[in-house]
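[1] Turn this into a model:
(chains A, B, C and D)
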Number of protein chains: 2
Amino acid sequence: MTNKSPVLKKLRNVRRKDQRPGEILRAALEVFSINGYAGTRLDDVAKRAGISKGTIYLYFNSKEVLFNEMVRHWILPQLEKIEQIGKQPAGSAEVILRKQLKVIYEDMVSTKASCIPKLIISEGTRFPELAEFYYQEVIIRAHKTMHETVRRGVAAGEFRQDALNWQLHAILSPALTAAIWKSVFDRFSPLDLKAYFQTHVDLLLHGLKGKS
Amino acid sequence: MTNKSPVLKKLRNVRRKDQRPGEILRAALEVFSINGYAGTRLDDVAKRAGISKGTIYLYFNSKEVLFNEMVRHWILPQLEKIEQIGKQPAGSAEVILRKQLKVIYEDMVSTKASCIPKLIISEGTRFPELAEFYYQEVIIRAHKTMHETVRRGVAAGEFRQDALNWQLHAILSPALTAAIWKSVFDRFSPLDLKAYFQTHVDLLLHGLKGKS
DNA sequence: TAATACTTACTGACTGGTCAGTAATCAATA
DNA sequence: TATTGATTACTGACCAGTCAGTAAGTATTA
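    Numbering: from 1, shown residues only, chains lettered A, B, ... in the order given. Predicted coordinates:
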């Protein structure tokens, strides 16, 4: 067995300090999401990242630190994007709400990051600080952002008054269910995300726009 | 230290073949729900059941078998109850729907068994047969049952036609979210289940009863 | 009813394998 | 050749599953 092209032979010990953390965080997401925290071997994370286990410890102090940083890395940027949309001064509440839901589905439910909720649900009991971080820094922030959009719609007479208490039911729940479905049941019955998203938006706006 | 009443002194090695499986299944639910599958030690399950680890193997062939039987034990009876309600010939669709949702919240979301969804979500990827069992024998069955109630309401002119495709969004999602919240975030922000249930029912019926 | 033989639920020490974390070593770059 | 990114061999803790032994309970006999 000879390598006809020496250029293509596997490079060993290549030093890429700047890129490693991101590669490890991506591999970690993939492996943790399949096996859970306790079920994941760092050897497998390393293999998927194309490095050896020892290298992980050059960038992350422990398995637990890696897990925590991975969650933050894969959820905070998307959250900030939704907040940015909410800060736009112009536009009806309906348009803004549609944009925000679109980001939730396109950047969170449809991407690699869709397994993050599953991981929080799985490991939240054993890592209370992780659950609290997610509660404070993701759920509360997302609620506040969506609440502000709804409030704006109520103030402008677009939405009914009593819709201000619906967020968990009407906004968060279907998106969470979609993410979970994708992670767990998609192999048995693939979710038509486009249609699901459409129904979600229709139902929500139908509820919001009725009179109080 | 003396036992004044010898009758009350702790009984060790008491033989109770008929009660053991149930006790083990209860202990398993409690420990698995906290630690997940891989993170759970059978020594801890045994300790909680008040027996030794070896005894578990007298009733269950392996950790995996115990886990699977536990899920079935804690979910199937409630499901059958909901199906029974759906089979009642009398009553409006709204009344039946309210009864069924009540059972979902009182017998599933409010009880020990509320951690079952969390466990399926956590372990479904690593136990595909478990995920498929839950999909086929719980989700599909529950959907069919609720769908039948909605269909009855549509046929009687109580509900709008296009509500037949809403189940995942409007019925399953909020209840699932409630169960997850109870398992993961309740310690940070306890869910007022009564109010949550009420909002869920109101939202759902508001959506169902509008005209097509 | 007492002594003896037998059954079986249960125990807990042990084994073999697994894996997080470490330390000695290698090798690419400047 | 000094620095440092990366590898590899190793350790020690941990745990699922096993099995020889114990003692509670039952049947049999005298």
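[2] ok now do the nearest residue to A:Q78 once chain neighbours are set aside, which residues does it touch?
    Counting by Cβ to Cβ, 6 or more residues apart in numbering or on different chains, A:Q78 lies nearest to A:D107, which is 4.7 Å off, once chain neighbours are set aside. For glycine as for every other residue, the C-beta is placed from the backbone atoms N, C-alpha and C. A:D107 makes contacts with A:Q78, A:K81, A:A113, as judged by Cβ atoms under 8 Å, 6 or more residues apart in numbering or on different chains.
[3] Among those residues, find me the one that's closest to DNA strand C.
    A:A113 (22.5 Å; Cβ to the nearest atom of the strand).
[4] Quick check: phi and psi on the closest one?
    phi -70, psi -10 (degrees, to the nearest 10).
[5] pLDDT at it, what is it?
    If you check A:A113, the pLDDT there is 95.
[6] Would you confirm that it contacts A:H73?
    No - between A:A113 and A:H73 there is no contact under Cβ atoms under 8 Å: 9.3 Å.
[7] Separate out the buried members of the contacts of A:D107.
    A:Q78, A:A113 (16 or more other Cβ atoms under 10 Å in any protein chain shown).
[8] from the contacts of A:D107, which are also near DNA strand C?
    Filtering the contacts of A:D107 for neighbours of DNA strand C using Cβ under 7 Å from any atom of the strand leaves an empty set.
[9] Show me which of the contacts of A:D107 is closest to DNA strand D.
    Among those, and counting by Cβ to the nearest atom of the strand, the member closest to DNA strand D is A:A113, at 24.6 Å.
[10] mind listing what the closest one touches?
    A:L29, A:W74, A:I75, A:Q78, A:D107.
[11] now, which of these lie within strands?
    Per DSSP state E, strands hold no members of the contacts of A:A113.
[12] Among those residues, which lie within helices?
    Of the contacts of A:A113, the ones assigned to helices by DSSP state H are A:L29, A:W74, A:I75, A:Q78.
[13] quick one: the first one and A:K112 touch, right?
    Yes - counting by Cβ under 8 Å, A:K112 is a contact partner of A:L29 at 6.1 Å.
[14] so how far is B:K53 from the residue of chain A found nearest DNA strand D?
    Closest contact between chain A and DNA strand D, by Cβ to the nearest atom of the strand, is at A:G54 (2.6 Å). Distance of A:G54 to B:K53, computed by Cβ to Cβ, to the nearest Å: 35 Å.
[15] hang on, the earlier thing: run the chain-centre distance for the strand or helix carrying the residue of chain A closest to DNA strand D.
    Applying DSSP states H and E as the criterion places A:G54 in helix A:53-59. Averaging C-alpha positions (Cα atoms, centre = their mean, to the nearest Å) puts helix A:53-59 25 Å from its chain's average.
[16] Can you spell out the domain ranges of chain A, please?
    By the assignment in the TED database, chain A contains the domains A:1-61, A:63-209.
[17] now the last one, how far from the centre of its chain.
    So that's domain A:63-209. Computed by Cα atoms, centre = their mean, the chain-centroid distance of domain A:63-209 equals 9 Å.
[18] do the same with the first one
    Mean C-alpha position of domain A:1-61 versus that of the full chain (Cα atoms, centre = their mean) differs by 22 Å.
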